[in-house]
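> Kindly return the folded structure for what I paste below:
(2 chains)
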Amino acid sequence: MSASQRVACEDVVMFVNAAIASSAQREFRQSAGEQRMSLGFLHEYVLGNYRELYAATLALDVNHLNAAWIVTNLLRTASAAGPRERALEGRLIAARLRTLPPQRVYAAFRELRRLGVNNRRTRAIMRDWVTARPDPAFDAVKYRRSLSVAARHAHLALPGEVGTALFDWRTPKRYDTPILESWRRAHYEARSLYDLPYTVAEGLAVRHGIDRARFLAGIAPRLTDHERLRLQSSAARHGAATVAMDLASAPLTRLAVYVLSLPRPERAERRAELTEALRTAARRAAGNRFGTWGRVVAVLDDSYSSAGSAAKRRRPLAVALATHYLLEALATSYTGLWLNHSGDPLTVHPVGVTALGERLVDGLELRPDRLVIVSDGWDNAPAGLAAEVLRVWRTALDPGERTSIVHLNPVYDSDSFDVRRLGGDVATVGVRDAEDVAALVELARFATGRAGFDELRAHLSDRVGRFLHASEAAR
Amino acid sequence: MIDFAGLTVAPSQTWGAVRLVPLLRAEPITDLRLHQRAYDPDELSIVEVGPRTAYVAYVPHAFVADWTADGTPAAAYGTQLHDPAAKAAPDRVGLRFHRRMNRREDRRRLRFLPLHLAMEGYLGLQFGGPSIAWQEWTHRAVTRGLSPRVEASYRGAAVAGLEDALRIFEIHPDQCGMLLYVADALAAAFVLPHPADYRALHSSLVQDFYGELIFQYAHLYPAVPDFLVRLDEDRVTSLADLRGQLARTLKDWSDFHDSALAGGLLAGPDLAFTRIRRMGRFTLSRFVPAFDPDGENHIGETITDQRGRLAYLKTFRLSAAQTRRGYLLAKLAAHDWNLDATAAALGTDRQNLKLRLDGAGFGHLLRPGR
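Below is the predicted model:
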């Protein structure tokens, strides 16, 4: 592999790690501004140098923010691509927009308007996405401003009363579309607002002076899954029993974030229920890989820095906790080692130093088939010990690589434009949701620089093929 | 002589130019504890509600609480030993805050004034002025001494990067102290008897004050290197060997730290201790250094037990100018403020000494033209 190919390989892996882990929010050590600027630079760099691969990352599990940024950047610089690339990019963009949450897509549209990107292709992409939405009237209520911006920018022909509701809503005496009519009535009578989406109803409820407990009880049937999970504690405080949900139906990482938001005594009290929910969610996330990973040991970081930031409360710890339950489902025999915590993982708490080195030796002593490390990579007791332990393990104790080691890092380090690595020998990949761990481990072999650029290219085009196939088959 | 017996040095954590070295105690001291009032009632994690048998309470200097009967805030004046059962409040200075600061006080967070008892000790050095009224000294110097004596320092919040370094520092569960380095110059040492006290007072380090040297170093040096560990793979044939090497690296670090990094404080020249108060088996003292212009000079206060083991320590590093002033005053006092004798002891002449006194800011003590 030539030097330029190695650099290209490293650059792309770096970008993929960043695009998976970073959400341009404040982290434990870096501010939102630093994260945003660093991530923005990386986007520009990869877009300018490896446009084809940049577009291909849309097929990977990059997070919503980065997917929206990639779409915007590709459309912004469309003139730099030839007709064949543009066709592929167009398919990727359309497929990715279908999987993004609508508010993210609308935000991307607003950004396109701000940048003044308005050409036939962009308008067609916007039109196709908006017409594929199941209910334009619902969007006109829930994403009112955004839909009107998109409609003006892309000259969209909106069906029936939707256009009127967006641009001249006071004129009609009544609407024939039920949701628009409820929305009109909700401005004047409190009863109607319970037919509206939660985010819209919330503002109107304040205007009508409805107290929070009554509002939550009434709006419960209209909540989306994520809203419902987010409102669990608040609803319990207000005594709105109808908001309660079956926790096991929530996605694994979000569930872990919720569990960690509870006070420790409550976690201990509801141990059976929470553990069961986490196990069920993990089994669902493991899917057909259940019990196929052999003997697995995980070293999980619960140091103080896993407390995250005000914007991402306990996110690194939640990823570690979710990974713990996921690996339990994936492995035939599993041991999870926390850095400081012992006992039930449910009551884990971010406190203490990151003494990864010693724990790694504890983990390696069990001679696992796979060793998974979940940590932000700030090994500080003492600094660099984990890297040395892993190096000595590889060179002196396990040259045949019977144990495969992978490091999952939930925190993007904006200073080094990558997730922080433990050492050259160990693959480090960014992680946002523990559910993706199985797919990320596939990507890990490119992170050590042992797999070539052609392999990476082949892997990406394979992923793009599968992604497009799945997306276009589902249409 | 300061002795870190009973304290273990743990690996350092760095952030920019700041290096923080935690000190751990295998056995915390339970019969000397932070005064109950110093705990923040909102922070449940650090309040240990257990039956405490006989113990002595201490109040760190400049800790602000509503000690007074009418609820107005007051700051403890000097670190104090206290009988926890006694009703009497510690010696204190009444404070007047602006409205905004008062409101913040209502949240009952820990607060300290950026002051230091040991600084008193330094400022009070030879405060009385010339003991013999040699004709070179002004009338004012002889009658009023060095008053007013002023020294400047910087608040921790003004030291670049210190606030961030303390925020992201990961506290050990059994941590009882901290050595704070800026550009690998020892800025402050802080030792407490119990980990819970440390958790309560960790953030007070940013409200503390630091010398000019530390302030400048923090601006001049972008980053200090990590001391990266190196293991020897040729000597490792099993995981047990690897464990052995880990233990050895920790020992190496602790030896290196005590001799190289903290050497100026631990193995430095003789410190002059003054005993302030004794309560139970504990003694509160403050110390001043020998004012060696070429070395590190720390002033500070300690609480030690009957065997001389350290329970509480807080130091302040004097800047070069402050050391020079202390050095000159000490030399003058040793020679009864006689200029010729002092000059001879310093290996210089009378004119030169006068220049040096002037340069150190004591020119106003000398009569012009003599």
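
> ok and the residue in the stretch 301-450 of chain A nearest chain B?
Going by C-beta to the nearest C-beta, chain B is nearest to A:Pro382 of the stretch 301-450 of chain A, at 3.3 Å. C-beta here means a position set from N, CA and C on the backbone, and glycine is covered the same way.

> Look up the closest residue to that residue, ignoring the ones flanking it.
Of all residues not flanking A:Pro382 in the chain, B:Pro11 sits nearest, at 3.3 Å (C-beta to C-beta, 6 or more residues apart in numbering or on different chains).

> Tell me if I'm right that the one you found and A:Ala383 touch.
Yes - counting by C-beta atoms under 8 Å, A:Ala383 is a contact partner of B:Pro11 at 6.9 Å.

> what about those two, which has more around it?
Neighbour count, other C-beta atoms under 10 Å in any protein chain shown: between B:Pro11 and A:Ala383, B:Pro11 has more, with 24 against 20.

> What residues does that one make contact with?
Counting by C-beta atoms under 8 Å, 6 or more residues apart in numbering or on different chains, B:Pro11 makes contact with A:380-383, B:250, B:253.

> What's the biggest helix in chain B, counting residues?
Among the elements of type helix in chain B, defined by DSSP state H, the one spanning the most residues is helix B:239-256.

> C-alpha coordinates for that one, CSV please?
Taking C-alpha atoms only, helix B:239-256 is exported to CSV below (Å, rounded to 0.1, in the frame of the first residue of the first chain):
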residue,chain,number,x,y,z
LEU,B,239,0.6,-11.9,32.6
ALA,B,240,2.1,-12.1,36.1
ASP,B,241,5.3,-10.4,34.8
LEU,B,242,3.1,-7.8,33.2
ARG,B,243,1.5,-7.1,36.6
GLY,B,244,4.9,-6.9,38.2
GLN,B,245,5.9,-4.3,35.6
LEU,B,246,2.8,-2.2,36.3
ALA,B,247,3.6,-2.1,40.0
ARG,B,248,7.1,-1.1,39.2
THR,B,249,6.0,1.8,37.0
LEU,B,250,3.8,3.1,39.8
LYS,B,251,6.7,2.9,42.2
ASP,B,252,9.0,4.6,39.7
TRP,B,253,6.5,7.5,39.3
SER,B,254,6.1,8.0,43.0
ASP,B,255,9.9,8.1,43.5
PHE,B,256,10.5,10.4,40.6
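
> Can you spell out which helices and strands pack onto it?
When contacts are defined as 3 or more C-beta pairs under 8 Å, 6 or more residues apart in numbering or on different chains; DSSP states H and E, helix B:239-256 packs onto helix A:356-365, helix A:385-392, strand B:7-9.

> go with 7 Å
Using 3 or more C-beta pairs under 7 Å, 6 or more residues apart in numbering or on different chains; DSSP states H and E, the elements in contact with helix B:239-256 are helix A:356-365.

> Measure how the helix it packs on sits relative to helix A:385-392, angle-wise.
Using axes from the mean of the first three to the mean of the last three C-alpha atoms, to 10 degrees, one finds that helix A:356-365 and helix A:385-392 are set 40 degrees apart in direction.

> Helix A:356-365 and chain B in contact?
Yes - in this structure, helix A:356-365 sits against chain B according to C-beta under 7 Å from any C-beta of the partner chain; the contacting residues are A:357-358, A:361, A:364-365.

> Now, of those, which are buried?
Buried subset of these (neighbour count, 16 or more other C-beta atoms under 10 Å in any protein chain shown): A:357-358, A:361, A:364.

> neighbouring contacts of stretch A:66-75?
Applying C-beta atoms under 7 Å, 6 or more residues apart in numbering or on different chains, the contact partners of stretch A:66-75 are A:19, A:43, A:47, A:54-55, A:57-58, A:89, A:93, A:96-97, A:100, A:104, A:107-108, A:111-112, A:117, A:122.

> thinking again about what came up before, double-check that the residue nearest to A:Pro382 belongs to a helix.
No - judged by DSSP: H, G, I helix; E, B strand; the rest coil, B:Pro11 forms no part of a helix; its state is coil.

> can you tell me which residues contact B:Ala187?
By C-beta under 7 Å, 6+ apart, the contact set of B:Ala187 is B:180-181, B:210, B:214, B:317.

> before we move on, what about B:Ala185?
Residues in contact with B:Ala185 (C-beta under 7 Å, 6+ apart) are B:213-214, B:217.

> got the contact list for the residue nearest to the spatial centre of chain B?
Geometric centre of chain B, nearest residue: B:Thr315, 1.5 Å, by C-alpha atoms, centre = their mean. Going by C-beta under 7 Å, 6+ apart, B:Thr315 touches B:188-189, B:265, B:298-300.

> What residues does chain A have near chain B?
If contact is defined as C-beta under 7 Å from any C-beta, the residues of chain A in contact with chain B are A:28-29, A:303-305, A:340, A:351-354, A:357-358, A:361, A:364-365, A:380-385, A:388-389, A:392, A:395-397.

> Just the buried subset of the residues you listed, written out for PyMOL, thanks.
Provided next is the PyMOL selection string for whichever of these are buried by 16+ other C-beta under 10 Å:
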select buried, chain A and resi 28+29+303+304+305+340+351+352+353+354+357+358+361+364+380+381+382+383+384+385+388+389+392+396+397
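
> near chain A, which residues of the stretch 101-250 of chain B show up?
That would be B:168, B:170-173, B:226-231, B:233, B:236, B:239, B:242-243, B:246, B:249, which are the residues of the stretch 101-250 of chain B within reach of chain A (C-beta under 7 Å from any C-beta).

> Now with 8 Å, please.
For the stretch 101-250 of chain B, the residues in contact with chain A (C-beta under 8 Å from any C-beta of the partner chain) are B:168, B:170-173, B:226-231, B:233-234, B:236-239, B:242-243, B:245-246, B:249-250.

> which of those residues are buried?
Buried subset of those (neighbour count, 16+ other C-beta under 10 Å): B:168, B:170-172, B:226-227, B:229, B:231, B:233, B:236, B:239, B:242-243, B:245-246, B:249-250.
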